[in-house]
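Peer 1: got a predicted structure here, sequence first:
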Amino acid sequence: MLPTDPCPCGSAHSFGSCCQAVHHGELAETAEQLMRSRYSAYAVGNMDHVWTTWDPATRPAGSMPDAVLAWTGLEILDTEDGGPDDEHGVVEYRAHYGDGALHERATFNRRGGRWFYVDGDLYE
């Protein structure tokens, strides 16, 4: 994916000025911004970003599997807290792939100025 391509997260920004910047170390300012960057990481196969933004206390043991699904769109359905001055946040989203979708209400914590994905409740 080129930096000038539309960002996979569905924002109105280019990949280079949106999620790619977070993939390369820019801090996400909000839980939603981290959620969008994690979705984009799955979409472009950047599993290192998914791993490093997952809270070490809850991420799976071992390494991340390869990205195998073709992600086709992200909908942010709801957010609670998770702003620049918050320590916790919740982002409910629906991530589309092929003929399906993953619907999750995800929790995030901020430690040392960095947002981390903690876990989430999946919906059918």
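Peer 2: Great, that's in hand.
Peer 1: please identify the helix or strand for the residue lying closest to Asp86 once chain neighbours are set aside.
Peer 2: Leaving aside its chain neighbours, Asp86 sits nearest to Arg110 (6.9 Å; criterion: C-beta to C-beta, 6 or more residues apart in numbering). For every residue, glycine as well, the C-beta is placed using N, CA and C. Arg110 belongs to strand 100-111 when assigned by DSSP states H and E.
Peer 1: may I have the residues that are in contact with the residue nearest to Asp86?
Peer 2: 31, 86-89, 116 (C-beta atoms under 8 Å, 6 or more residues apart in numbering).
Peer 1: for it, name its beta-bridge partners.
Peer 2: Trp115 (DSSP bridges).
Peer 1: pLDDT value on it, please?
Peer 2: In this prediction, Arg110 carries a pLDDT score of 97.
Peer 1: one more: Ala70?
Peer 2: 88.
Peer 1: quick one: it from His23, how far?
Peer 2: Separation of Ala70 from His23 (C-beta to C-beta, to the nearest Å): 19 Å.
Peer 1: so what secondary structure elements neighbour the longest helix seen in the chain?
Peer 2: Secondary structure of the chain read by DSSP state H shows that its longest helix is helix 31-44. The contact analysis (3 or more C-beta pairs under 8 Å, 6 or more residues apart in numbering; DSSP states H and E) places helix 31-44 against helix 19-23, helix 47-52, strand 71-81, strand 88-97, strand 100-111, strand 114-123.
Peer 1: make a markdown table out of these and add distance to Thr4.
Peer 2: Listed next are those as a markdown table, based on distance: least, C-beta to C-beta, whole Å:
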| stretch | distance to Thr4 |
| --- | --- |
| helix 19-23 | 10 |
| helix 47-52 | 20 |
| strand 71-81 | 20 |
| strand 88-97 | 23 |
| strand 100-111 | 28 |
| strand 114-123 | 26 |
